[in-house]
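K.L.:
Just a sequence and a predicted model for now, questions to come.
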Amino acid sequence: MKTFEREEFRSSNLIVALIIFNFVFKMKELKKALDEKKLLALNLITTKDEKIVEEILTYLFKNNITTEYIQMFKKYDKIYIYLEVKDEKDVKKKLENLKIKLGNRIVEIEIHKPFMQIYGKRVIVIGGGAQVSQVVLGAVTEADRHNLRGERISVDTIPLVGEEDIAEAVKAVGRLHRAAILILAGSLMGGKITQAVKELKEKHGIPVISLNMAGSVPEVADLVVTDPVQAGVMAVMTIASTAKFDLNRVKGKKF
């Protein structure tokens with residue numbers, strides 16, 4: 001009788017612990033979502049003046065405009081500077097002053113929603129074309145369900161072969177803006193790819209799902225899935241705020 005009561009007590013504690021864990025996780029997701037809504041995206045189109053980038057960044061710093069993300073590229077005779085800044089007090093007025101300060105060297109300042117609110121979290125799929133296409137099928141199908149409920153998840157992919165090229169692509173995932181999870185799809189992966197997976201997880205905390213394949217990559221992946229379509233589905237469920245799937249509870253397992 002006492003043994004039964006102890007088991008019942010343990011089960012109750014486990015249920016309470018899971019409820020608390022789920023509540024804390026949802027609160028963190030909510031806070032993150034609210035922080036994202038406080039961002040403004042700016043697209044500054046300027047003349048091809050190399051010094052203008054330095055002037056813009058100096059102005060932002062001196063006026064206490066917090067920059068969360070920046071990218072720049074040249075196109076024809078213009079420089080396009082994309083920024084995500086915190087939508088704080090008087091930030092729009094400060095941007096108008098910046099436009100006046102730069103005069104005719106700034107062609108236009110456009111204000112948009114940040115990429116997270118448009119494209120959202122990114123699922124990255126790397127590997128052989130045949131397997132990649134099936135993983136993408138599962139990921140896009142699942143993402144559609146969540147995006148219809150207000151989530152924002154996009155799927156990016158590149159079919160690649162060769163240890164060197166795949167290893168470089170895996171490392172580069174850590175430098176991709178909004179990359180949330182990586183799926184490796186192939187028949188054989190190991191060596192430098194395995195080292196790249198370890199580095200990606202340790203340095204950037206990005207989870208990795210691997211197809212059940214030959215080589216050492218499945219040994220270091222967070223989850224191994226045999227069916228490529230299911231791998232895509234589970235990847236989206238891992239990062240979706242509107243899903244209840246918890247990768248930590250199945251970490252290291254094979255399906």
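P.N.:
Arrived safely. Numbers count the residues shown, from 1 in each chain.
K.L.:
Show me what the helix or strand containing Ile70 is packed against.
P.N.:
Per DSSP states H and E: Ile70 is located in strand 67-75. Secondary-structure packing of strand 67-75 (3 or more C-beta pairs under 8 Å, 6 or more residues apart in numbering; DSSP states H and E): helix 51-62, strand 78-86. Glycine gets a C-beta too; all of them are placed from N, C-alpha and C.
K.L.:
And the longest one, how far out from the chain middle?
P.N.:
When you say that, I think you mean helix 51-62. 28 Å (C-alpha atoms, centre = their mean, to the nearest Å).
K.L.:
Stretch 190-205 too?
P.N.:
Using C-alpha atoms, centre = their mean, the offset of stretch 190-205 from its chain centre is 17 Å.
K.L.:
all strands of this structure, in order?
P.N.:
Assigned by DSSP state E, the strands in the chain fall at 39-47, 67-75, 78-86, 106-112, 121-127, 153-159, 179-185, 208-211, 223-225.
K.L.:
residues making contact with the third one?
P.N.:
The set of residues external to strand 78-86 that reach it, using C-beta atoms under 8 Å, 6 or more residues apart in numbering, is 38-49, 52-53, 56, 60, 65-74, 91, 107, 114-115.
K.L.:
rerun at 6 Å
P.N.:
Under the criterion C-beta atoms under 6 Å, 6 or more residues apart in numbering, residues 38-46, 48, 65-73, 114 lie in contact with strand 78-86.
K.L.:
re earlier: among the strands of the chain, which comes closest to Phe245?
P.N.:
Phe245 lies closest to strand 223-225 among the strands of the chain, at 10.5 Å (C-beta to C-beta).
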